[in-house]
Every structure is written in C-alpha cells, then in structure tokens.
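> Task: produce atomic coordinates for the following.
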Amino acid sequence: MSKEITYQNEGKAFIEKQVEAYSGKAISIYSEEFSTQYADVLQECSPLIGGSITGHSNLKSQFGIVGLREKIKDFNFNNLNFFLSKHKCKQSIEEVLEIIFQDFKQKYEHVQNEAELFQLIFTPNQDLKLHLKRAITLKGIKDTFEYNVIYFEKAGKYLGKNDFYTIRERRVPVIHQYKKTERSDFLHYINGIPLMLVEYKTEDSGILQSLKDFEIKESYKKVPFKVALNDGRDVILFCHLQSLKFQNGKDNSFHWVHYLPEKKFIGVREYNNIEYLFDELSCQPENMYLYCVNG
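Modelled structure (predicted):
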C-alpha cells in the first residue's frame, strides 16, 4: 500500500471518528473510485449530486449523502407553492422544482471562476450580479421566482439545516474527453454541491505536486475551497491558484495553522495540521458554515 493511500485511510478514519464524537451519529465516508453501484445518483450530473436517493436509502442513512434536488425542495417549497398559486400557474410544483434545479446546474457549469462559484452558492440573491441570480422565469408570468440552494442560518441560532458530507475518490468525468475521469482524494459537499476538495501527496512528491493537480485538472476548479497537503503536516487552504505566491520553489501563501485554545491529541500524539483542519471544518458543520459565510 502506498504512503498516499495510507494517509487517505488515516484521514477517512479520523473524519468518521470525529463526526460521530460531535454528532453522536456514526457516518461512513463513501469511497466511489471506480464503483458503479450508485452511478444513477452520483453520476447523473457529476460533480453535483442532484439525483433522488429514494432508491438507495442507505446513501443517506449510512453515508449522509443528500441530493441537491431534495434540498432545493426543502428550502423553497412553501414560497414556490405560494408563488404558483398567486399567479395561477398550470405547471405542477414538481415540474417547477426541476426547472429550478436545471437553472442552478446551468449557472454552476458556466461560472467564470471560483469567486463567482462561491457567490452563486452563498451570496443572498439581492447582492448577486444579474447573470448569477438564482431566479427563474416561467412562461406567461412576468415576475421571477428567486430560490436558494442553502439555508441561510441566523447569527447565534444555528439550526443545522444544511447537509454536509464527504466522498472519497469522487469520480468526475472530464468534459470533451471520452471515458476520462478525475478523482479527488476527498470532496466535501454542502447539499449536493462540491464545497472543499482535498488533495493528498506524500512528503516525497511534495506539496507543489499537490498544487499542480489543482492547476491541470479541470474539475478541481469547480470547487470554492481547496486544500493541498503533503503527509498531513504542510497544509495550504486556498480558493484559487492565483492567490498563491511562490519564490524559489517556496511559497508564502496561507498555511492552515490551528487556532484552537487547547491542543488536541490522539493518544500522546498531537493532531497534525490536516487533522486540525478536518476537526475544525469537516467534522463540525456549524464551523464550516460560518467559515463559508464569514470568511
């Protein structure tokens, strides 16, 4: 077994253990890799997870995976029902929910950069530029319907209505390249939308090799937050490569440094940097949400 796979296995076990410790619920991380077991759901609109999981209930119960269509319905059903009734729309609510999903999918596919991608997910509609507004127009109705893909939590009153989960070796087809796929080591999701991608490398290949993957792999650019690391000690958290600065092979970019008031340990060993990041963000949804909306 290679060092890189060993590090991935350790990361997977750490996240699973910490999620259970914080939530009291045991959740496994699903490893997709080359499996086609859940392809009808996971590959329907990859890298988004939009499909209904009703035929695979264990995706939610065992792995915590929830599709974007389900969350769009959760967050918009009441307002949409009122809107359709007000305008005496003949289309069913389920038909319009599908229009909403396809509208978001199209906007997700056409964002120009990571900044726009972040705004498309997290910025309130009134603050969005026109081409990013989460809004649809229905035939015969002048008014637009604005929708959300996340639940905007209120300060100091976190309800936990967004679903965060992780998939290992997420398989994403490369556009215009037949049967070619790219697989990230860990891909963290919010409500079926890719949120944070983690790419491991060993101390031998170095963190610059990890960063090179973010440069050459197209699907990696469809994620707002990126984590490059080698062996868990050197960890860089960033949004886009242009924000990183390198001189003579070394970088002076933002490195993840834990800021917890007390050190944490596994036995007698202190957490390494990637474990601090996983513990703080991946394993505690409230922290991840606040990091996203507040920076």
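
> so where's the stretch 51-200 of the chain uncertain?
176, 178 (pLDDT under 70).

> swap the cut-off to 90 and go again
Within the stretch 51-200 of the chain, the segments meeting pLDDT under 90 span 51-57, 155-156, 173-180.

> Helices of the stretch 1-150 of the chain, residue ranges please.
3-23, 39-42, 57-61, 68-86, 93-110, 114-122 (DSSP state H, counting those that start in this stretch).

> Of all those, which one is nearest residue 272?
Using CB to CB as the measure, helix 3-23 is the one of those that comes nearest residue 272, at 9.5 Å. All C-beta spots, glycine's among them, are computed from the backbone N, C-alpha and C.

> Contacts for the closest one next, please.
25-29, 31, 166, 168, 185-186, 198, 200-204, 231-232, 274-275, 278-279, 282-284 (CB atoms under 8 Å, 6 or more residues apart in numbering).

> Just the C-alphas of it, formatted as CSV.
The C-alpha coordinates for helix 3-23 follow below in CSV (Å, rounded to 0.1, in the frame of the first residue of the first chain):
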residue,chain,number,x,y,z
LYS,A,3,2.0,6.2,1.5
GLU,A,4,-0.6,8.3,-0.1
ILE,A,5,-3.3,5.7,0.3
THR,A,6,-2.2,5.2,3.9
TYR,A,7,-2.6,8.9,4.6
GLN,A,8,-6.0,8.9,2.9
ASN,A,9,-7.1,5.9,5.0
GLU,A,10,-6.0,7.7,8.2
GLY,A,11,-7.9,10.9,7.1
LYS,A,12,-11.0,8.9,6.4
ALA,A,13,-10.9,7.1,9.8
PHE,A,14,-10.2,10.4,11.6
ILE,A,15,-13.2,12.3,10.0
GLU,A,16,-15.6,9.4,10.7
LYS,A,17,-14.5,9.2,14.3
GLN,A,18,-14.7,12.9,14.9
VAL,A,19,-18.1,13.3,13.2
GLU,A,20,-19.5,10.6,15.4
ALA,A,21,-17.9,12.2,18.5
TYR,A,22,-19.5,15.6,17.7
SER,A,23,-22.9,14.5,16.4
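
> Which residues belonging to that helix are considered buried?
Residues of helix 3-23 classed as buried: 4, 7-8, 10-12, 14-16, 18-19 (neighbour count, 16 or more other CB atoms under 10 Å).
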